[in-house]
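> Predicted model, plus sequence, below.
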Amino acid sequence: MNEPIPNSFDHVPRTIGGHFVINLYAAIYRLLHQTRHFAELGDSTLEELFQRYPFLGEYFVEMRQHMPDDITWEDATQWWHAEILRWEKECQAHLPLRSLAAQAALSFQSRLAFMLIGLVEEDSRFGTLIAELQDPLTHRRPTLELAGQIVMDAAAVGESDPWTICRPLLSTGLVEVLNKQAPRSEWLLRVPPLLWDAVRGQIPDPPATWCKRHPARSFRAIEDLVFDAGTLDKLTKIPPLLRSGRARVLVLRGFPGVDSVNAAGAIASALGRELLEINGSELANAEPAQLVGPFCALANAVPCTGFELAPGETAKLPPLIGYGGPIIVLLGQEGGLSTDLTESALTVNLPPLGAKERDRLWRLTLGEAAGSNIAPIVDGFHLGGAYIRKVAGAATAHASLEGRQNITASDVRNAARTLNRQLLDTLATPIAVQGSWEDLVAVQGTREKLFELERRCRHRERLLALLSPAFGNSGNRGVRALFTGASGTGKTLAAKILASVVAGQADGTDNGMDLYRVDLASVVNKYIGETEKNLHQVLSRAEALDVILLLDEGDALLGARTDVKSANDRYANLETNFLLQRLENYQGIVIITTNLSENIDQAFQRRMDVVVPFFPPQPEERLRILELHLPREHRVCHPLRERIALRCGLTGSQIRNAALHATLLALEDSTQMHDRHLEAGIRSEYRKAGGLCPLDGRLNTREPDGGVESFVTAFARG
């Protein structure tokens, strides 16, 4: 039986570090060989060279310990090639340089040229030697000509040249040129530090500002991911398709906050690879776009690029030269992908988590801190998997600060509010939620509609589960409400109370859902497509964070569509159509307010789940509003209050402002509020409106409306 031939590098650990060292020595040997040749041309000897550069002698002594005693300089060039390949065949671990050479189709000479160019990154003393070899040039980095000449085989003269050897390194981004304005032969070559670290197996964390590196061990198996059964079944079939090459690009679509990164990581882990999470917007820059391919090949990582696209936008995936493995792209519900690999792409939609999946994920992330009653958290926070993980960690820390182990819904609400501020505050304005329905003075018809809206919000997920199959795909867990009425009639107050009572009654506290307001008039942009982009961004974020979104001045975009007589009409209709479709598929709670209900497109009203009309208050409502806003201790007589309610046709917000002004005047007088203070507050409101105050003995001279208001109010009360 023939015994295996011993390898000269058997004692070298079969690791990334070991592979790096023997390839480094092979490059140094080629440099020594070339230096010796130049020395002989100048009537110098190798010993004299070592005297000038003692560090070269140290490297030479170390290399000779591995090499046969009787080998010649010329034969040794092939010997290094053969011995390295033999060593690699016996190593099953991932070797960055070997992996890159295979995926980028690099010759052994190109590999050596790469290592040679990087010598100065490893030992600065090589820079002095390189500068001497390139005399009269004084550069301490090798030129393209020098690097190619050093690693060329003597037998290949005429079949290869420095450009042929170095071109693959340049095209894959493995090396970069520092002086492209110089002649090509004098191009100075440099290995990007990120790639040199990857070859050494010492990648920093994070590798660069534009990416995050996730080890394979940091992800669960695909079957342990928290998704519905149908989605899990699709995900388990993906790794074999990617491994076989039948598919190359996997597109995962989902709402913001969906656990797409964990899904991508589980797939990469099943393939035995790490995951490189990349911010897609960074790929517009030359450096990241050029480095992604070779870095992923060196790091044994799957590139996972995320794009946040608006409707009509297309993400361009750059060619990952030097990388031949699978590619994962994360997209939202909008936008498309442009790539040369479309024919080998798969798309999987990751749906929002249902109550069952949220329950499981909250228990997994909170552990023992979940306690026995986790239902208020599951029902009160319709978040995606990625957001649940973030909120759970912050909620646990919040409870620990108070010396508690079990997490409450209040802890989760405080943690979610912090996340909301991070992701929404630049897009919308947070509004403090407060109060109960007892604080809202409105006609009975309005109150009944608000109670209906509250029920829709609280049971939106359960309602969806109970719908008949006849509803098909038309139902979702979103709630869309339209508040109509003049300014100051209580629309914003009703939204605040709704946010307070929906969550407050669900979790036993008064810590309500977050409410954010967007002025639609400020969202409208004169540039084509910008309005849709702005709307999409704020709607998507609010939807994913499960906050109540209040869209003020809805008539700015919900106005009736017009006949197309100009380009402006066409684009205005496009904006209206976009919002119409987006609201129809909206998965959260959105309230739209308008002062001009008659201008609202009928198509919008038909798609609203609840339309709530708000009317100017009548005398009895005005009296109640006034009494709600007076200080607890006051000296305002009842007859004056009745006279104000009867004669002053103010809105709720005007009455509030008058009470505030009167309180300020009483504070200035260092006394309780008296009649004179309130009368002054009422007069102040009339002066702001440019009207005459009826308290001065004059009747309220509003234009007659033919009894329309009385009829509408009576109808609403009925």
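Structure received.
> which is the next helix or strand following the helix or strand harbouring Lys390?
Assigned by DSSP states H and E, Lys390 falls within helix 385-401. Per DSSP H and E, helix 385-401 leads on to helix 409-424 as the next helix or strand towards the C-terminus.
> Helix 385-401 and that next one, what's the angle between them?
130 degrees (axes from the mean of the first three to the mean of the last three CA atoms, to 10 degrees).
> ok, residues contacting helix 409-424?
The contact list for helix 409-424 (CB atoms under 8 Å, 6 or more residues apart in numbering) reads 376-377, 380-381, 383, 387, 390-396, 398-399, 430, 503, 506-509, 511, 514, 516, 538, 541-542, 545-547. All C-beta spots, glycine's among them, are computed from the backbone N, C-alpha and C.
> how about a cut-off of 6 Å?
With contacts defined as CB atoms under 6 Å, 6 or more residues apart in numbering, helix 409-424 is touched by 376-377, 380-381, 390-391, 394-395, 398-399, 507, 509, 511, 514, 516, 541, 545, 547.
> Just the buried residues out of these, in PyMOL syntax.
Of the contacts of helix 409-424, the buried ones can be selected in PyMOL as follows, counting by 16 or more other CB atoms under 10 Å:
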select buried, resi 376+377+380+381+390+391+394+395+398+399+507+511+514+516+541+545+547
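> Give me the distance from the top helix by length along the chain to the chain's centre.
If you go by DSSP state H, the chain has its longest helix at helix 16-41. When C-alpha coordinates are averaged (CA atoms, centre = their mean, to the nearest Å), helix 16-41 and its chain have centres 46 Å apart.
> going forward can the numbers begin at 18, since that is how I track them
Got it, the first residue is 18 from now on, which makes the last one we talked about helix 33-58.
> Return the set of buried residues in the helix or strand just after it.
With elements assigned by DSSP H and E, the helix or strand that comes after helix 33-58 is helix 63-69. Neighbour-count burial for helix 63-69 flags 63, 66-67 (criterion: 16+ other CB under 10 Å).
> got it, and stretch 103-111?
103-105, 108, 111.
> Show me the contact partners of stretch 203-215.
113, 134-135, 138, 156, 158-161, 192-196, 220, 224-225, 308, 311-312, 315-316.
> ok, back up a step: restricted to helices, list the buried residues of stretch 103-111.
Applying DSSP H to the buried residues of stretch 103-111, the entries found in helices are 103-105.
> Which member of these is positioned nearest Thr253?
Of all those, Thr253 sits closest to Glu105, with 33.1 Å by CB to CB.
> So, low pLDDT: which residues of the chain?
The chain contains residues with pLDDT under 70 at 18-24, 171-176, 485-492, 521-528, 541-546, 573-593, 614-618, 714-735.
> and stretch 238-258, how far apart are its ends?
Taking CA to CA, to the nearest Å, stretch 238-258 runs 17 Å from one end to the other.
> Can you classify Ile345 as helix, strand or coil?
strand (DSSP: H, G, I helix; E, B strand; the rest coil).
> Give me the neighbour count for it.
Counted with other CB atoms under 10 Å, residues neighbouring Ile345 total 27.
> list the helices and strands the longest helix of the chain packs on?
Helices and strands touching helix 33-58, by 3 or more CB pairs under 6 Å, 6 or more residues apart in numbering; DSSP states H and E, are helix 71-81, helix 90-106, helix 125-134, helix 161-168.
> Spell out the secondary structure type for Gly144.
helix.
> can you tell me which residues contact it?
By CB under 6 Å, 6+ apart, the neighbours of Gly144 are 137, 157.
> Quick check: it vs Arg158, distance?
7 Å (CB to CB, to the nearest Å).
> With Leu186 instead?
Taken as CB to CB, the span from Leu186 to Arg158 is 14 Å.
> Work out for me the element the nearest residue to Val346 once chain neighbours are set aside sits within.
Using CB to CB, 6 or more residues apart in numbering and skipping the chain neighbours, the partner closest in space to Val346 is Val268 (4.9 Å). Per DSSP H and E: Val268 is located in strand 266-271.
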